[in-house]
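Asks: Got a predicted model here, sequence first, then my questions.
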Amino acid sequence: MTTGRIYVGVGGWSFAPWREAFYPPGLPTSHELEYASRHLTSIEINATFYRTQTRETYLSWRDQTPEGFVFSVKAPRYAMSRRTPHDVKESIAHFFDSGVAALGEKLGPVLWQFPPTRKFDPDFCAAFLSALPRESEGVALRHAIEARDESFVTSEFIALARAHHAAIVVEGDSDFPLIADLTAPFVYARIMGTRASRKQGYDRERLDLWAARAQKWAEGGAPGDLPRICANTPKRSGRDVYLYVIRGAKEKNPAAAMALIERLQK
């Protein structure tokens, strides 16, 4: 049986408290990505959410990281705030024209985060998913959709995501809707429950639980303790898993990610 690959990381790599809790003393900020990419297996780029990057920047990020490392890229907020399918399509094209595909084999999924104010509109959602390209400059693309309103907790949203092979983000340990239905050949999870009082952000039992869930997904299964809207889950021999520790006690997130990597390597 084929098992998918599991990538574990955090959101971004430039965060002042990490210069005390994660990075070695005196490490130049220009070397932070290089260091982080050798202790984690993936990073979710969030700078792309706030402004358009250049092809040269993507190439620099690619070249600073080791073989086997992957990025996920957070799509720009301006694209996610558009109100009409036409405007969305133009924004998506502009984003990919900026050179995202320059990451090459280090490009993992693109994360499309709907604002919390976005309600589920089946027509808009269908048009949005249809506008997402399958490839850019010859690089295959994977898309993950993060819905933050309860109106998305519906079988219609599951069916749309599945029809377009887009993953619905599993939002773990958060106040956002938790949808664990598998709709793509990969799983994208963001866990948000780290606490400052925990040395590794989470307690041992919680780290064990998320590691076990990631392993179950990688084997093609679905963890039985996570809620699904639809009873049927398409069977696969394995799925790649992208698991990010974000929000919560952010200063602890690298420690939690490294603890998960250690468990998954056993």
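Replies: Happy to help now that I have it. Residues are numbered from 1 along each chain as shown.

Asks: mean confidence for stretch 144-164?
Replies: The pLDDT scores in stretch 144-164 average 97.

Asks: Check the contact between Lys74 and Ile43; I expect there is one.
Replies: No - counting by CB atoms under 8 Å, Ile43 is not a contact partner of Lys74; they are 10.6 Å apart. No exception for glycine: its C-beta is placed from N, CA and C like everyone else's.

Asks: Same drill for those two, tell me which one is more crowded.
Replies: Between Lys74 and Ile43, Ile43 has the larger neighbour count (other CB atoms under 10 Å), namely 25 against 22.

Asks: what about that one, which SS state?
Replies: Classification of Ile43 by DSSP: H, G, I helix; E, B strand; the rest coil places it in strand.

Asks: so what's it up against?
Replies: Ile43 makes contact with Gly9, Val10, Gly11, Gly12, Trp13, Leu33, Ala36, Ser37, Phe71, Ser72 under the criterion CB atoms under 8 Å, 6 or more residues apart in numbering.

Asks: same thing but 10 Å
Replies: Taking CB atoms under 10 Å, 6 or more residues apart in numbering as the criterion, Ile43 is in contact with 7, 9-13, 33, 36-37, 61, 65, 69-73, 108, 244, 257.

Asks: Which of those fall in helices?
Replies: Leu33, Ala36, Trp61, Ala257 (DSSP state H).

Asks: Below-threshold pLDDT in the chain: ranges please.
Replies: Applying pLDDT under 70 to the chain flags the ranges 1, 234.

Asks: how about the longest helix anywhere in it: buried residues?
Replies: Assignment by DSSP H gives helix 204-218 as the longest helix of the chain. Neighbour counts over helix 204-218 (16 or more other CB atoms under 10 Å) mark Arg206, Leu207, Trp210, Ala211, Arg213, Ala214, Gln215, Lys216, Trp217, Ala218 as buried.

Asks: which one of those is nearest Ala93?
Replies: Among the buried residues of helix 204-218, Trp217 lies closest to Ala93 (CB to CB), at 31.6 Å.

Asks: for the closest one, what are its contacts?
Replies: Per CB under 10 Å, 6+ apart, neighbours of Trp217: 3-4, 6, 170, 180, 182, 186-187, 189, 223, 226, 236, 238-243.

Asks: re earlier: could you provide the ones in helices among the contacts of Ile43 in TSV, with additional columns for distance to Arg19 and neighbour count?
Replies: Listed next are the ones in helices among the contacts of Ile43 as TSV, based on distance: CB to CB, whole Å; neighbours: other CB atoms under 10 Å:
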residue	distance to Arg19	neighbour count
Leu33	13	20
Ala36	12	23
Trp61	19	21
Ala257	17	28
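
Asks: I'd like the residues you listed as TSV, with distance to Arg83 appended.
Replies: Below are the ones in helices among the contacts of Ile43 laid out as TSV (distance: CB to CB, whole Å):
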residue	distance to Arg83
Leu33	35
Ala36	36
Trp61	31
Ala257	36
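
Asks: Tell me which two in the residues you listed are the farthest apart.
Replies: Trp61 and Ala257 (18.2 Å).

Asks: what distance separates stretch 151-169 from the middle of the whole chain?
Replies: Distance of stretch 151-169 from the chain centroid (CA atoms, centre = their mean, to the nearest Å) equals 16 Å.

Asks: quick one, what contacts the residue most central in space within the chain?
Replies: Centroid check for the chain by CA atoms, centre = their mean gives Tyr188 as the closest residue, at 5.1 Å. Contact analysis of Tyr188 by CB under 10 Å, 6+ apart lists 7, 44, 72, 108-111, 142-146, 166-171, 240-244.

Asks: quick check, it in a helix?
Replies: No - going by three-state DSSP, the assignment for Tyr188 is strand, not a helix.

Asks: Any figure for the gap between it and Phe152?
Replies: 15 Å (CB to CB, to the nearest Å).

Asks: ok, back up a step: from the ones in helices among the contacts of Ile43, which is closest to Leu264?
Replies: Distance to Leu264, by CB to CB, is smallest for Ala257 among the ones in helices among the contacts of Ile43, at 10.7 Å.
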